[in-house]
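Engineer: pasting a predicted model and its sequence here:
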Amino acid sequence: FEASEYMAVQRAAAKPHFSWLMKYKPILDCFVYVAFWNLVGAGFLGFLINPPISLYYMQGGYLTLSHSHGALWGVYGMLAMGLCLVILRLKDLKAEWNTTVLDWGLRIMNLGMFLQIFLSIFPIGLYQFW
């Protein structure tokens with residue numbers, strides 16, 4: 001639900017009198033990614049490893065590693081990048097940013113983390129648990 005709020009702000013930016021929001025699109029994208037990784041990394045993967053029966057069998061395994069990668073990357077890494085972009089953006093409000101490379105970079109980093117977790121670490125954790 002949190003990501004949908006940020007996406008609604010991005011849709012509003014397409015309207016003429018909200019066009020100033022487009023200057024902050026990469027920052028809003030970072031916060032959408034934070035919400036996604038908070039749900040997947042901290043939420044889904046965190047709840048997968050934290051019930052007592054899971055802790056008995058899976059403590060310190062690769063499922064814990066998948067949770068830590070998803071939660072730390074998304075919640076702290078993307079949040080730190082978003083806040084750094086806010087600071088850089090507010091430093092010079094008159095500057096025009098070409099955000100094409102930044103947008104692609106954010107997408108590729110998040111796709112890479114998603115693939116690392118769900119094609120490498122998570123399957124190894126399931127195999128290890130089995």
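Structural biologist: Received the coordinates, thanks.

Engineer: low-confidence ranges in this structure?
Structural biologist: Scanning the chain for pLDDT under 70 picks out 1-2, 13.

Engineer: center of it - which residue?
Structural biologist: Among the residues of the chain, the smallest C-alpha distance to the mean C-alpha position (CA atoms, centre = their mean) belongs to Y33, namely 3.1 Å.

Engineer: the longest helix in this structure is where?
Structural biologist: helix 100-116 (DSSP state H).

Engineer: need the next SSE after it, C-terminal direction.
Structural biologist: helix 122-129 (DSSP states H and E).

Engineer: tell me the buried residues in that following helix?
Structural biologist: The neighbour-count criterion (16 or more other CB atoms under 10 Å) identifies 122, 125 as the buried residues of helix 122-129. No exception for glycine: its C-beta is placed from N, CA and C like everyone else's.

Engineer: report the backbone C-alpha coordinates of it in PDB.
Structural biologist: Presented in PDB, the C-alpha positions along helix 122-129 are these (Å, rounded to 0.1, in the frame of the first residue of the first chain):
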ATOM      1  CA  PHE A 122      16.700 -18.300  -1.800                       C
ATOM      2  CA  PRO A 123      16.800 -21.600  -3.700                       C
ATOM      3  CA  ILE A 124      20.000 -22.600  -1.900                       C
ATOM      4  CA  GLY A 125      18.200 -21.900   1.400                       C
ATOM      5  CA  LEU A 126      15.200 -24.000   0.400                       C
ATOM      6  CA  TYR A 127      17.500 -26.800  -0.600                       C
ATOM      7  CA  GLN A 128      19.500 -26.500   2.600                       C
ATOM      8  CA  PHE A 129      16.200 -26.600   4.600                       C
END
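
Engineer: what's that helix in contact with?
Structural biologist: Around helix 122-129, the neighbours that count as contacts under CB atoms under 8 Å, 6 or more residues apart in numbering are 45, 57-58, 61-66.

Engineer: which helices and strands sit right next to the helix or strand hosting the residue nearest to the centre of the chain?
Structural biologist: Element membership for Y33, per DSSP H and E: helix 25-37. Counting by 3 or more CB pairs under 8 Å, 6 or more residues apart in numbering; DSSP states H and E, the packing neighbours recorded for helix 25-37 are helix 2-12, helix 79-91, helix 100-116.
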